[in-house]
Structure formats: structure tokens, C-alpha cells
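> I'll drop the sequence and a predicted model, then ask my questions.
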Amino acid sequence: MSESVNAVGWAARDPSGVLSPFKFSRPAAARHVHFKVLYCGICHSDLHSIKNEWGNAQYPIIPGHEIVGVVTSVGPSVTKFSPGDKVGVGKLILVGAPEKPLELPAFPLIMGRKTVAGSIIGGIKETQEMIDFAAKHNIVADVEIIPIDYVNTAMERLAKADVKYRFVIDVGNTLKAE
């Protein structure tokens, strides 16, 4: 693996939230898994982030935390994944049902990639079992698949609650490595 990997995404550069192509590089490390993004779901938190509605955006910002793709390379310390494996990324969870209000600084947790967890439905193992079950029985989500150049319109529609299902960007077929 090289010392850095060049990439392209669509970024907002200010609180207008307008997204446009953005080239950047990421460091490579022995424990990193690099993959080609094929699809990315659009979440309302993406809209809040690009418009700095939570007051903590650092521009440029590339939204998207619900991602699936194919592994292209792995660092020498990686043992669980190999090139060609299908992978998914999607962890931004804030759920709770305490008796009294739970006071946590959400954004330092999120931006610091910290985890506070609790579940009545299980963890990674149970989630994988659910994914396997859905795949075995062909259970799929209802989504509206869009090309990357429609993303700003999709964000406007999301802000107006004008989407029946979830928007999913077809990154693999529509993002150009410009």
C-alpha cells in the first residue's frame, strides 16, 4: 500500500451545502482497508452537516456514512478483508431509552469516533445475522437510486421531505474520477 491514496468525492465548501467534485488524498496505514464506493445512502444527518446546522462543520465536508463498495487493497495488518470483498460502512447511531435524560456531548463523541452502546437487539454478530437473513430471503429496501450529479436536487428534496424512500447515490457508475 502506498503512503497516500488519491480520491474524489463531492464536497460542500460552505454552509450553502452545495456539493461539487472535490479531489483529496487519504493516508494509507497497515490497518487500513481501501475500497471503491459503489453506493451511498443519503441521511438527514448529511443535510444537517453540509449546512452546518449543528454548528460544528469543518469545510470542505464530504457527507455520507451509509456506504457499500468493493475492497481494492488492504494494508499488511488486515486479515479479515481481501481485494474483491464486498463491504459496508454505516455507523452513526444515537439511540437511547434511559429513565432520566442522558446528557452526553454528542458531537465530540461523533467527531472523535467514540462509541457509547447499548442494545436490546444485539451487536455486530446479530446485525450480520440479520443481513445474511435478508440476503437469503431477498429482502431489500425501497430506495430511489440517483446519479451523483442529482445530489444537490436530492438534498433540496430531502429538506422538503419530498422523498418517498431513501435516496441512494449510484457512485460506482456515475462518479467520474475527474
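Happy to help now that I have it.

> now residue 109: which helix or strand?
Element membership for residue 109, per DSSP states H and E: helix 106-111.

> what's the biggest helix in the protein, counting residues?
Using DSSP state H, we find that the single longest helix of the chain is helix 124-136.

> ok, residues contacting it?
Residues outside helix 124-136 that contact it (C-beta atoms under 8 Å, 6 or more residues apart in numbering) are 139-140. Glycine gets a C-beta too; all of them are placed from N, C-alpha and C.

> next secondary structure element downstream of it?
Following helix 124-136 toward the C-terminus (DSSP H and E): strand 143-146.

> I'd like to know which elements that next one is packed against.
Contacting strand 143-146 under the criterion 3 or more C-beta pairs under 8 Å, 6 or more residues apart in numbering; DSSP states H and E are the following elements: strand 166-170.

> buried sites along the helix or strand following the strand it packs on?
Next along the chain after strand 166-170, taking DSSP H and E as the criterion, comes helix 171-174. By neighbour count on 16 or more other C-beta atoms under 10 Å, the buried set for helix 171-174 is residue 171.

> so what does helix 171-174 touch, helix or strand wise?
Packed on helix 171-174, when contacts are counted by 3+ C-beta pairs under 8 Å, 6+ apart, are strand 33-41.

> other residues contacting the strand it packs on?
Residues outside strand 33-41 that contact it (C-beta under 8 Å, 6+ apart) are 1, 5, 28, 64, 66-75, 78, 81, 87, 90, 143, 145, 166-172, 175.

> any idea how far the helix-or-strand element of the chain with minimal mean pLDDT is from the chain center?
For the chain, the helix or strand with the lowest mean confidence is helix 106-111, at a mean of 80 (criterion: mean pLDDT, DSSP states H and E). Relative to its chain's centre, helix 106-111 lies at 16 Å (C-alpha atoms, centre = their mean, to the nearest Å).

> that concludes my questions; thank you for your assistance.
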